[in-house]
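A.B. asks: sequence unknown, structure follows:
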């Protein structure tokens, strides 16, 4: 299958470039007994990602060679710099049972600043960089709440901030609340993030989140 076979007329194709195989993801789902998800990247066949409300988004995991071959039917008309999201390195702490930070926000800010400098030295334009404090990755519930509370600390880096708190496990307190039932807590977290300076929010419940973001922008950024 070629890329043009996947596109509707005037459609858009979202491409995320990363390694075809992810060993820690494979091991994680194998430990949970989910063989299908553990090896979903190992196939070129379509995988469906649920977007909620009965909407499934087809996702394809291709090798580099296959990816390059699929562009042969396209002709380059225009090119431009892409954006770069700079998240924290969560793997080291995520693999620990009890991650600890001495000074949470300063540590995150220092790491993100160092990664930004590396990206700029590698040729990435600074105005194309977005930072992500990595809520939910290698952090205790209190750490995630502290990020939302003191998010303004990261505005000192001078780059747009991305927050992905939607349906994360830290929203459920001590109750066994499934992800699909964390709507209210997700919206509250997203409102707090925008109030703290977040420029981009990654969400599952788009319609509700747009309404929250519109009101927050009107209050904090004086937009209509």
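C.D. replies: Received it, and whenever you're ready, just let me know what you need. Values in this document were obtained by computation on a predicted structure and should not be read as measured data. Numbering: from 1, shown residues only.
A.B. asks: helices or strands up against the lengthiest helix in the chain?
C.D. replies: As assigned by DSSP state H, the longest helix anywhere in the chain is helix 104-121. With contacts taken as 3 or more Cβ pairs under 8 Å, 6 or more residues apart in numbering; DSSP states H and E, helix 104-121 sits against strand 84-86, strand 129-131, helix 141-149. Any C-beta I mention is one placed from the backbone N, CA and C, and that applies to glycine too.
A.B. asks: just the strands in this structure please.
C.D. replies: Listed in chain order, the strands of the chain (DSSP state E) span 47-52, 55-59, 84-86, 129-131, 162-163, 200-201.
A.B. asks: what is the rounded mean pLDDT of the last one?
C.D. replies: Averaging the model's pLDDT scores along strand 200-201 yields 94.
A.B. asks: if we can go back for a sec, okay if I get the helices and strands packed on helix 104-121 as JSON lines plus mean pLDDT, mean neighbour count and distance to residue 166?
C.D. replies: Output for these, formatted as JSON lines (pLDDT from 0 to 100; neighbours: other Cβ atoms under 10 Å; distance: least, Cβ to Cβ, whole Å):
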{"stretch": "strand 84-86", "mean pLDDT": "66", "mean neighbour count": "17", "distance to residue 166": "16"}
{"stretch": "strand 129-131", "mean pLDDT": "91", "mean neighbour count": "20", "distance to residue 166": "17"}
{"stretch": "helix 141-149", "mean pLDDT": "93", "mean neighbour count": "18", "distance to residue 166": "12"}
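A.B. asks: my read: residue 209 touches residue 190, true?
C.D. replies: Yes: counting by Cβ atoms under 8 Å, residue 190 is a contact partner of residue 209 at 5.8 Å.
A.B. asks: neighbour-wise, which of these two wins?
C.D. replies: residue 190 (25 against 19; other Cβ atoms under 10 Å).
A.B. asks: how close does the more buried one get to residue 163?
C.D. replies: Relative to residue 163, residue 190 is positioned 7 Å away (Cβ to Cβ, to the nearest Å).
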